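> no sequence on this one, just coordinates:
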C-alpha cells in the first residue's frame, strides 16, 4: 500500500485508517462486490472535502504507478464545485463521507458502463486501462494505451461522478438540516455517518429527493422553537423582581443597614433574582391523509410538512408520532426524542414510499389517535395535528368526547378545501391553498 497524496495527513493514524476502511466497507455494500482501490486514496478522497485547505504532495514525489490516482485527486481539488461546496463539507464527516463514497461508486460504475457499451474500441480500451489502474491490479497498465483518449475519458467520467456525488451530499446536508442536528443549541448531532450507505440508498428514491429539495430551499426552517417556562426558585436566572424570598435575594441587598433591610423584607420590597425552569412539551402526533384525492402535489406537500414537524419536535426535545390514514388508520410511526439516525432514516423512507389511494374517514382517524393516547403506547400528547383535504361528515360528539378524554387539542389543516364540521371540533383550524414554503411555515409555527 503506497502513501497517500495529501500533505499533513498521517496515514498510520487509527482514525485516518478507520475513514478509509469505512469508505471501502460502504462501497462494498452499495456495489455488492469488493472494490480493491488503494485505502489511502480513499482517505485522500475523504480529506479533500473534510479539510479546509487540502494540499497535495509535489507530483515528482509520486511513483509512476500512483500517477493515475494522483490525477483524479488533482481534478477533484481543482473543481469549482468542490471549492464552492467546501463551506458545508469542512469538518462535516457525514457530508465528506457521502462525497467520497458516491464519487468513487459513480466513477467506477461509469467506467464499467463505458467499457461494456461504448461504440468506440479506443474508448472501451481506455476505460479498461483506467479500471485496471484504479482497482489495484497491474497499476502500470493504467498508464498505457492512447494517452489522449485516456485523459479525455478521465475528465469525462470524473465530471459525471462528481456531479452525482454533489447531489448525494446535498441530500445528506438536507437530512441533517431537517433533524435539526447541525445548528447551535440542538443537542447531540445525528450526522448519519454510521448509516451513510442507507442515506445514499434513499437518494435513489424520487419522492424523497423531491421532498428534501423542497425543504432545503427554506432558510427559515429550524428557526422556530416554542419554549414554555414556569417560575421556580432553583431554576435559571431570568431577570429581577421584588419580594421577600430569602433564597433568591440579590447579594447587594445584604450590604444595607439592618433596619432598612428588614423593613424592605417585611414590605416585600427586597430585590430578588427571578428564576424560571423550562417545562417539557408533550409529544407531537400527526395524522396525515393519504386518500386518493391527496395523490400528487397535495401529499408531497403534506409529507414535507410531516418532516418539518419532526424537525420542530426534535428541536423541542419531544417525541414524534404519526399515522397515515384513508378510510382506515395505518400503523403508528414512532420516533422518540432519543432516536438514533437509523430510526430517522426508517421514518423518512416510510414517508417517501407512501402513495395516495383509498377513501377518507377523518372521524375514525381522530378516534384512533385518541385511543393511542388513552390506552396505547403514546403518553402525554398535547397536540394532534390533522392534515387532510377530505370533506366527509364528522362524528362531532364522539370526536369531542375522545379529545377530552385524551386531554389533547386538535389542530386541523384543510388542504385546498373547507370542512365546517371539522372546523367546529378543532381547537385551531387552517386552510391552505398555495402549498408553498409560506403555507408550510404557517403550519409548523402554529
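Perfect, I can see it now. The structure displayed is predicted, hence computed values, not measured ones.

> Tell me where the model's unsure across the stretch 51-200 of the chain.
Residues of the stretch 51-200 of the chain that meet the criterion pLDDT under 70 lie in 136-145, 179-191.

> hmm, try it at 80
136-146, 177-194 (pLDDT under 80).

> Helices of that one, residue ranges please.
Ranges of helices in the stretch 51-200 of the chain, per DSSP state H, counting those that start in this stretch, are 67-77, 80-89, 93-117, 121-134, 147-178, 196-202.

> cool, the stretch 251-400 of the chain as well?
Using DSSP H, counting those that start in this stretch, helices in the stretch 251-400 of the chain cover 258-266, 297-315, 341-353, 362-375, 396-406.

> Which of these sits closest to residue 72?
Nearest of the helices of the stretch 251-400 of the chain to residue 72, taken as Cβ to Cβ: helix 341-353 at 30.1 Å. (Each C-beta comes from the backbone N, C-alpha and C, glycine too.)

> mind checking which of the helices of the stretch 51-200 of the chain is nearest residue 428?
helix 147-178 (23.8 Å).

> helices and strands around that closest one, which ones?
With contacts taken as 3 or more Cβ pairs under 8 Å, 6 or more residues apart in numbering; DSSP states H and E, helix 147-178 sits against helix 67-77, helix 80-89, helix 93-117, helix 121-134, helix 196-202, helix 206-216, helix 297-315.

> okay, these in a markdown table with distance to residue 22 and mean neighbour count next?
Shown next, in a markdown table, are the helices and strands packed on helix 147-178 (distance: least, Cβ to Cβ, whole Å; neighbours: other Cβ atoms under 10 Å):
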| stretch | distance to residue 22 | mean neighbour count |
| --- | --- | --- |
| helix 67-77 | 18 | 19 |
| helix 80-89 | 16 | 15 |
| helix 93-117 | 7 | 22 |
| helix 121-134 | 19 | 20 |
| helix 196-202 | 8 | 21 |
| helix 206-216 | 23 | 18 |
| helix 297-315 | 25 | 22 |
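
> can you list the ones you listed in CSV and add distance to residue 58?
Formatted as CSV, these follow (distance: least, Cβ to Cβ, whole Å):
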stretch, distance to residue 58
helix 67-77, 10
helix 80-89, 21
helix 93-117, 23
helix 121-134, 21
helix 196-202, 33
helix 206-216, 39
helix 297-315, 47
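
> for those helices, which one sits closest to residue 178?
helix 297-315 (4.9 Å).

> How far does the closest one sit from its chain's centre?
Distance, stretch centre to chain centre, for helix 297-315: 12 Å (Cα atoms, centre = their mean, to the nearest Å).

> pLDDT on it, on average?
Average pLDDT, helix 297-315: 92.

> Show me what it is packed up against.
Using 3+ Cβ pairs under 8 Å, 6+ apart: helix 297-315 touches helix 147-178, helix 206-216, strand 284-289, strand 320-325, helix 341-353, strand 383-388, strand 409-415, helix 437-444.

> got those as a markdown table, with distance to residue 429 columns?
Shown next, in a markdown table, are the helices and strands packed on helix 297-315 (distance: least, Cβ to Cβ, whole Å):
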| stretch | distance to residue 429 |
| --- | --- |
| helix 147-178 | 26 |
| helix 206-216 | 24 |
| strand 284-289 | 14 |
| strand 320-325 | 18 |
| helix 341-353 | 24 |
| strand 383-388 | 10 |
| strand 409-415 | 5 |
| helix 437-444 | 12 |
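
> hmm, back to that, of all the helices of the stretch 51-200 of the chain, which one is nearest residue 288?
Using Cβ to Cβ, the helices of the stretch 51-200 of the chain put helix 147-178 closest to residue 288, at 16.3 Å.

> how near is residue 273 to residue 54?
51 Å (Cβ to Cβ, to the nearest Å).

> Nearest the middle, which residue of this structure would you pick?
Central residue of the chain (Cα atoms, centre = their mean): residue 175, 1.8 Å from the mean position.

> Was I right to think that residue contacts residue 211?
No - in this structure residue 175 lies outside contact range of residue 211 using Cβ atoms under 8 Å: 10.6 Å.

> can you tell which of the helices and strands packed on helix 147-178 is closest to residue 241?
Closest among these, using Cβ to Cβ: helix 297-315, at 29.5 Å.

> quick check: domain ranges of this structure?
Domain assignment for the chain by automatic domain parsing gives 14-204, 228-279, 284-444.

> I appreciate the help and will end here.
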